[in-house]
Structures are given as structure tokens and as C-alpha cells.
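[1] Curious how this folds, go ahead:
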Amino acid sequence: MKAPATPAVITVRNLHKTFPASNGGDLTVLRDINLTLHEGQVVALLGKSGSGKSTLLRHVAGLLAPSSGTVHYRGLPLAGPNPGAAMLFQSFALLPWLTVQENVELGLRAKGVPFAERRDRALNAIDMVGLDGFENAYPKELSGGMRQRVGFARALVVEPDVLLMDEPFSALDVLTAQTLRNELLELLAHPDTPTRTALLVTHSIEEAVLLADRILVLDSDPGVIKAEIRVDLPHPRNSRSDGFAGLVEDAYEALTGERGQAPAAPDVRDPLRSAAPLPTANVESLTGLLEVLDTLGGAVELAALADALAFEVDDLLPLVEAAQQLGYARVDAGRLELTVTGRGFGRADILPRKHLFAAAALANIPLIATIRTLLMASDNGRLRESYLIGRLSRNASEDAAHRQLSTAITWGRYAELFDYDADDLVLLLPADDDAHAA
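    Residues are numbered from 1 along each chain as shown. Okay, the predicted model is just below:
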């Protein structure tokens with residue numbers, strides 16, 4: 001893709017970020033990130049939970065320092081907060097004891113702007129976002145959409161070169177979010193607004209296609225940019241625009257595609273080291289997904305499925321990953337297809353379904369199979385949770401280890417492969433285990 005002729009506002013080169021891990025090593029969150037944000041562009045960062053989208057945004061804001069690599073603002077390396085950026089958060093982040101005008105003036109006060117100028121600029125910004133008449137209102141008097149408009153005004157009043165947004169519409173209802181998306185584009189094109197450039201973190205593919213000129217798709221563990229999608233649709237856009245559906249499907253395919261690298265060789269000493277992380281997905285939702293997929297003929301585009309279920313990326317993809325790991329479905333070119341095993345599980349009655357799930361988990365999920373093996377080999381049929389967390393933490397953060405083990409426990413209990421004592425924090429064989437003996 002040919003680079004735009006407009007100047008580069010933000011340049012990220014070979015950014016690498018690690019955090020200390022609980023085992024004394026390093027946990028890599030971002031790896032080899034390269035991106036350029038040109039003046040007048042809206043770029044969306046899209047990825048699953050844990051892909052490092054917000055971490056990358058905070059590096060661009062100058063709130064985090066890279067472990068290696070650089071972030072430049074208009075050619076100058078950042079050594080602290082980015083002087084040309086303002087941030088907008090999903091939680092509104094308003095001070096409840098200040099009025100609308102006082103909240104909008106906060107950034108100007110921090111910059112030492114004189115009172116009269118501060119007041120005039122704040123009132124102009126409030127008028128620009130459609131909140132004139134609410135200057136003296138407190139946040140508790142405003143709806144969610146109005147509070148986010150205050151956030152827009154507070155960010156734009158400092159006249160940043162680039163607006164950084166961390167899921168700014170996710171806390172809003174669907175209609176309010178759509179209204180504010182349109183208003184955001186109007187604000188970026190407003191002749192009185194010096195801000196023309198934005199970097200958006202989102203978990204919504206449709207939102208990315210609606211707003212962005214470019215979409216950067218991040219992979220997880222660690223976060224790497226694995227795809228870039230150019231959006232050449234004219235504004236205003238909607239889901240019925242020519243080419244819109246195709247771009248949504250392209251993004252789903254990018255999100256669910258392979259990493260483009262050879263898989264790690266299995267570690268025969270510890271099968272958990274090469275096992276894919278378990279997604280956070282419950283069996284009831286997974287079963288519902290398989291049943292819906294069966295009623296749709298056994299295969300459907302992920303974008304169409306997400307639209308039918310009104311699911312965002314973080315809702316749908318963990319279930320898709322779970323279905324793939326268990327051998328119940330496969331993804332090919334952005335299309336989810338049931339396997340024979342998945343169809344059999346989805347159509348089975350309640351009790352046979354448990355036995356089918358147990359077989360699939362033991363065959364395909366190394367963590368569950370390992371837990372089962374360790375329990376069967378132990379003298380008392382018990383296994384401490386802390387032991388498993390310690391092993392899982394060799395390859396992931398302690399929080400990620402807890403999430404994976406929580407999923408394994410939920411799946412294992414459903415399949416009656418093992419039980420869990422929340423008081424003693426131990427896993428144990430079921431009381432009546434004859435039917436499950438290996």
C-alpha cells in the first residue's frame with residue numbers, strides 16, 4: 001500500500017514491551033510493533049482481549065515507555081506524556097464534583113491557560129459538541145451519551161494533533177453509540193477543530209469499518225500486528241454501504257487466521273508448555289453456538305453469525321476458539337463450519353452430551369488431560385490449585401494462568417472428570433469415579 005503524502009504525526013518503530021512475570025522472568029505483551037499515523041487519518045486497533053491494544057495506545061500517549069523500540073511525535077522521540085495527544089476513555093473519567101465547564105477546562109488549567117481564554121475555549125468546545133445550556137450541570141445530571149460528549153469537549157479543547165480513544169463507545173447503548181460515532185467524524189472534519197487525526201481502540205469490527213481509514217489487526221500472546229486492512233469507503237458509511245460487508249468479513253478472517261508461523265515443537269517434559277491458551281467460554285454458550293450453527297446448515301460466515309447473535313469480537317471469538325480447540329468446528333477463510341463431532345455434540349441429549357464433552361476434552365485439551373492424569377496418579381485423588389497455577393505461570397502471567405485454570409475447572413466439572421473444592425483450593429476426583437476411570 002502506498003503511503004499517504006500527508007505528514008506523519010505518530011511513528012512507532014520496533015516497539016517491544018515486557019512486564020515482570022510472577023515467576024521472575026519477563027512477560028512479552030507487545031512485540032515488533034511498527035505503525036505510522038498520518039495527518040488526517042483515523043486508524044483503528046482491532047483485536048481480541050489481551051492483544052495489547054490499550055497498552056499500545058498508552059505508549060502512543062507517552063504514558064508507558066517501551067522496553068525497546070521508539071515512539072515519535074512529529075519526528076521527536078517521546079520521553080514523557082505526548083504533548084500533541086489527548087485521550088478519551090470508555091468510562092468517561094469525569095470528576096463528579098466539577099461542572100461540565102470545569103471538567104472541560106481541566107486540561108487547559110494544567111497547561112496554565114489564563115482564566116478568560118480558558119473560559120472562552122471551554123464554552124466553544126461545549127457548544128461544538130452540542131452541550132450548550134449544560135455548562136453548569138454536574139455529571140450525575142447527564143446521560144451516558146452527554147457525559148461522553150463532555151469527554152470529547154475536554155479532549156478537543158486542548159487542540160491536540162491526535163485524539164487517542166480507548167473503546168469510547170462501549171459503555172453506551174447502541175443508538176447513542178451510533179449517534180456519537182457520527183458526531184465524532186463531524187468534529188474531526190469541523191473547520192474550527194485543529195484535530196484531524198485519531199487512533200481508536202475498539203472491540204467492534206463494524207465500528208472499525210464505520211470510522212477508520214485503516215484497520216490494524218493485532219494477534220495475542222504476544223501482541224503483534226498481523227494484518228492491515230485499508231478502508232476506502234466514502235463517508236458517511238453504514239452497514240448497507242457497498243463493500244461494507246466484505247470488509248467486515250475480511251476483518252473476521254484476519255482475526256481468526258493463523259499466525260503465519262510454524263507451531264512450537266511440543267515439550268515432552270511438560271505438555272502444558274505448547275498447549276494453546278484456553279479461552280474464557282462456558283459450556284452453555286458453546287452449546288448454544290453449535291446449535292445455532294447447526295440450524296444455519298452447519299456453516300456460516302463469522303460476520304453474519306456475529307450479526308445474527310448481536311455479538312462483538314470479545315463475545316464471539318472465545319466461543320469460536322473453544323469450538324475449534326475441542327474439535328467441534330473449524331474456521332476456513334472467515335467461515336465457521338461444524339465438524340461431525342460438533343454436530344453430534346450439539347444434537348445429543350443432556351447426559352450423552354456430558355460423555356461426549358469429556359471425550360473431546362481429554363483428547364484435545366492438554367490442561368484437562370494433564371489434570372485428570374495427575375489426579376488419577378495421586379494417592380488421595382487431590383491436586384492443589386497453586387501447583388497448577390505455578391506450572392501455567394511459566395508461560396503466561398499469573399492472571400492469565402488463573403483464567404485458563406478457571407475455564408479448565410468449569411469444563412472438567414461439567415464433564416465430571418474432576419471436581420473443585422473452593423474452600424481448600426484443591427481439585428479432586430469425583431466421589432463416584434468408576435464411570436470415568438481412564
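
[2] CA atoms for contacts and neighbours, from now on please.
    OK.

[3] helices or strands up against the helix or strand encompassing residue 215?
    Residue 215 belongs to strand 214-219 when assigned by DSSP states H and E. Applying 3 or more Cα pairs under 8 Å, 6 or more residues apart in numbering; DSSP states H and E, we find strand 214-219 packed against strand 42-47, strand 224-230, helix 244-256.

[4] Just name the most buried of these.
    Highest mean neighbour count of the helices and strands packed on strand 214-219: strand 42-47, a mean of 27 (counted as mean count of other Cα atoms under 10 Å).

[5] pLDDT on that one, on average?
    In this model, strand 42-47 carries a mean pLDDT of 92.

[6] wait, residue 237 sits on residue 207?
    No. Between residue 237 and residue 207 there is no contact under Cα atoms under 8 Å: 10.4 Å.

[7] So between those two, which is more surrounded?
    Between residue 237 and residue 207, counted using other Cα atoms under 10 Å, residue 207 has the larger neighbour count: 22 against 14.

[8] Going by secondary structure, the more buried one is in what exactly?
    Per DSSP H and E: helix 205-211 holds residue 207.

[9] what are the pairing partners of the strand holding residue 215, and which direction each?
    strand 42-47 (parallel), strand 224-230 (antiparallel) (DSSP bridges).

[10] Give me the mean pLDDT for that strand.
    Taken as a whole, strand 214-219 carries a mean pLDDT of 93.

[11] Compute the inter-axis angle for that strand and helix 244-256.
    30 degrees (axes from the mean of the first three to the mean of the last three Cα atoms, to 10 degrees).

[12] Would you confirm that residue 46 contacts residue 203?
    Yes. Contact status for residue 46 versus residue 203: in contact at 6.0 Å, counting by Cα under 8 Å.

[13] what helix or strand does residue 303 sit in?
    Assigned by DSSP H and E, residue 303 belongs to helix 302-309.

[14] Output the strands paired with strand 214-219 in JSON lines; the columns should cover distance to residue 185.
    Below are the strands paired with strand 214-219 laid out as JSON lines (distance: least, Cα to Cα, whole Å):
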{"stretch": "strand 42-47", "distance to residue 185": "9"}
{"stretch": "strand 224-230", "distance to residue 185": "18"}
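
[15] Of those, which is nearest residue 426?
    strand 42-47 (34.2 Å; Cα to Cα).

[16] now the residue most central in space within the chain: how far from residue 202?
    Geometric centre of the chain, nearest residue: residue 49, 3.2 Å, by Cα atoms, centre = their mean. Distance of residue 49 to residue 202, given as Cα to Cα, to the nearest Å: 10 Å.

[17] ok so, going back, may I see the helices and strands packed on strand 214-219 arranged in TSV, with distance to residue 113 as well?
    Listed next are the helices and strands packed on strand 214-219 as TSV, based on distance: least, Cα to Cα, whole Å:
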stretch	distance to residue 113
strand 42-47	29
strand 224-230	39
helix 244-256	43
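
[18] Check those for me: which has the lowest mean pLDDT.
    Of all the helices and strands packed on strand 214-219, the minimum mean pLDDT falls on helix 244-256 (a mean of 88).

[19] Go ahead and name everything in contact with that helix.
    Identification of contacts with helix 244-256 by Cα atoms under 8 Å, 6 or more residues apart in numbering yields 47-48, 205-206, 209, 217-219, 226-227, 229, 231, 233, 238-239, 301-303, 317, 331, 333-335.

[20] Run through the residues that contact residue 153.
    104, 122, 125-126, 128-129.

[21] Could I get the CA-only coordinates of the helix or strand hosting it as PDB?
    Using DSSP H and E, residue 153 sits within helix 144-156. Presented in PDB, the C-alpha positions along helix 144-156 are these (Å, rounded to 0.1, in the frame of the first residue of the first chain):
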ATOM      1  CA  GLY A 144     -24.200   8.500  29.300                       C
ATOM      2  CA  GLY A 145     -24.100  10.000  25.800                       C
ATOM      3  CA  MET A 146     -23.900  13.500  27.200                       C
ATOM      4  CA  ARG A 147     -21.100  12.600  29.600                       C
ATOM      5  CA  GLN A 148     -19.100  11.200  26.700                       C
ATOM      6  CA  ARG A 149     -19.700  14.400  24.800                       C
ATOM      7  CA  VAL A 150     -18.100  16.200  27.800                       C
ATOM      8  CA  GLY A 151     -15.200  13.800  27.300                       C
ATOM      9  CA  PHE A 152     -15.000  14.800  23.600                       C
ATOM     10  CA  ALA A 153     -15.000  18.500  24.500                       C
ATOM     11  CA  ARG A 154     -12.400  18.100  27.200                       C
ATOM     12  CA  ALA A 155     -10.100  16.300  24.800                       C
ATOM     13  CA  LEU A 156     -10.600  18.700  21.800                       C
END
